[in-house]
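[1] Sequence first, then the predicted structure, then my questions.
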Amino acid sequence: MKDFRNKVVVVTGAGSGIGRELAVQLARKGAKLAISDVDAAGLATTERLVREAGAEVHTQTLNVAERQAVLDYAETVAAHFGGVNAVFNNAGIAHHGEVEHTEFKDIERVIDVDFWGVVNGTKAFLPHVIASGDGAIVNTSSLFGLLAEPGQAAYNAAKFAVRGFTEALNQEMIVAKHPVKVTCVHPGGIKTAIARNSTTSGDHDQKATAEFFDKYLAHTSAAKAAEVILDGVRKGKARVLIGADAKILDMSVRLVASKYQGVSARVTALALSKAK
């Protein structure tokens, strides 16, 4: 997909952050947009911005964890536009807490949205994307889909699963010779509301955790992240890393293999001791 002009593009999680920036930048590039989110107010703002950019847009409140709703949504979008060229499965949530202190329901909630949401969106739209003759599936994993971090077991599990699912899908499209490029996106620290909207367990303070992320870890703007993603999709890249942190840490894990776990554990322990 060298050009997004007149392409029908679906973006989930479009109510804020990277999803909103993807929608707005795609609109400026001449795409026709189908945007969704569970946040109706945020979605309405994105719709206004997309319309101001001159794009035709279909808007629907959607929980990507609800499979039948996603399947119905795919048929609605395809009927509305007459087809679908690309899907950005971007919706996601976060939870911070050690496995020892995290409830099953908190793990399930993250897996349902961050992994099954990607699977639901991919399965629902894939037939339409293949039929378009010029398609793309773009799934958002994370830096934490490349390395694990204490307190992020649920998020790590979901994002590693997205990575495996997406890389397998990419190979399947190649084997089947389908006209579909598949991209797995691994953002590092991005300036979005994901940390502020996250949940926590154990003795972690949600506000303090979010403030730490925003101050020390979120280095890349959502607009820059969307720009990098779209450039990677345009070039047909199978993997897109966003931010110097993602690139450096990915290379570090490649160099030291499983030894990174000891380093990460010690750094986290030190950071926690200083925070107390």
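    Perfect, thanks for sending it.
[2] measure the closest residue to Glu227 other than its chain neighbours to Val253 for me?
    Leaving aside its sequence neighbours, Glu227 sits nearest to Gln25 (C-beta to C-beta, 6 or more residues apart in numbering; 6.6 Å). The way it works is simple: take the backbone N, C-alpha and C, and place the C-beta from them, glycine included. According to C-beta to C-beta, to the nearest Å, Gln25 and Val253 sit 30 Å apart.
[3] now Ala246
    From Ala246 to Val253 the distance is 11 Å (C-beta to C-beta).
[4] Any figure for the gap between Leu132 and Lys181?
    Careful, residue 132 is Ser; it's not Leu. 12 Å.
[5] Okay, now the unreliable bits of the stretch 51-200 of the chain?
    When residues are selected by pLDDT under 70, those of the stretch 51-200 of the chain lie in 191-198.
[6] isn't Ile242 right up against Ala225?
    Yes. Here Ile242 reaches Ala225: they are 4.9 Å apart, a contact under C-beta atoms under 8 Å.
[7] And for Glu167, the neighbour number?
    16 (other C-beta atoms under 10 Å).
[8] got a list of contacts for the helix or strand hosting it?
    Assessed by DSSP states H and E, Glu167 sits inside helix 153-176. Residues from elsewhere that reach helix 153-176 (C-beta atoms under 8 Å, 6 or more residues apart in numbering): 94-95, 97-99, 102, 106-107, 110-111, 113-115, 118-119, 122, 137, 139-142, 144-146, 148-149, 180-184, 186, 238.
[9] Please pick the buried ones from those residues.
    When the contacts of helix 153-176 are checked for burial by 16 or more other C-beta atoms under 10 Å, the buried set is 94-95, 97, 102, 106-107, 110-111, 113-115, 118-119, 122, 137, 139-142, 144-146, 148-149, 180-184, 186.
[10] just checking, which of those residues belong to strands?
    95, 137, 139-140, 180-184, 186 (DSSP state E).
[11] Check the gap between Ile93 and His80 for me.
    Look at Ile93 and His80: by C-beta to C-beta, they are 27 Å apart.
[12] what about the spatially closest residue to Gly54 that is not a sequence neighbour, neighbour count?
    Of all residues not flanking Gly54 in the chain, Ala27 sits nearest, at 6.7 Å (C-beta to C-beta, 6+ apart). Residues lying near Ala27 (other C-beta under 10 Å) number 24.
[13] mind checking which helix or strand Ala27 is in?
    helix 17-28.
[14] contact partners of that helix?
    Helix 17-28 is contacted from outside by 4, 9, 11-14, 33, 35, 37, 42, 45-46, 49-50, 53-55, 57, 88, 90-91, 140, 187, 190, 192-194, 222-223, 225-227, 229-230, using C-beta under 8 Å, 6+ apart.
[15] can you check stretch 107-114 too?
    By C-beta under 8 Å, 6+ apart, stretch 107-114 touches 64-65, 91-95, 153-155, 157-159, 161-162, 199.
[16] And the furthest pair within those residues?
    Of all pairs drawn from these, the greatest distance, 21.3 Å, lies between Val64 and Ala153 (C-beta to C-beta).
[17] who has more neighbours, these two?
    Val64 (27 against 20).
[18] what sits against that one?
    Here Val64 is in contact with 12-13, 36, 70, 89, 91, 113, 116-118, 120-121 (criterion: C-beta under 8 Å, 6+ apart).
[19] got JSON lines for the ones in strands among the buried ones among the contacts of helix 153-176, with distance to Met173 too?
    JSON lines is the format used below for these (distance: C-beta to C-beta, whole Å):
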{"residue": "His95", "distance to Met173": "32"}
{"residue": "Ile137", "distance to Met173": "8"}
{"residue": "Asn139", "distance to Met173": "13"}
{"residue": "Thr140", "distance to Met173": "18"}
{"residue": "Val180", "distance to Met173": "5"}
{"residue": "Lys181", "distance to Met173": "8"}
{"residue": "Val182", "distance to Met173": "6"}
{"residue": "Thr183", "distance to Met173": "11"}
{"residue": "Cys184", "distance to Met173": "13"}
{"residue": "His186", "distance to Met173": "19"}
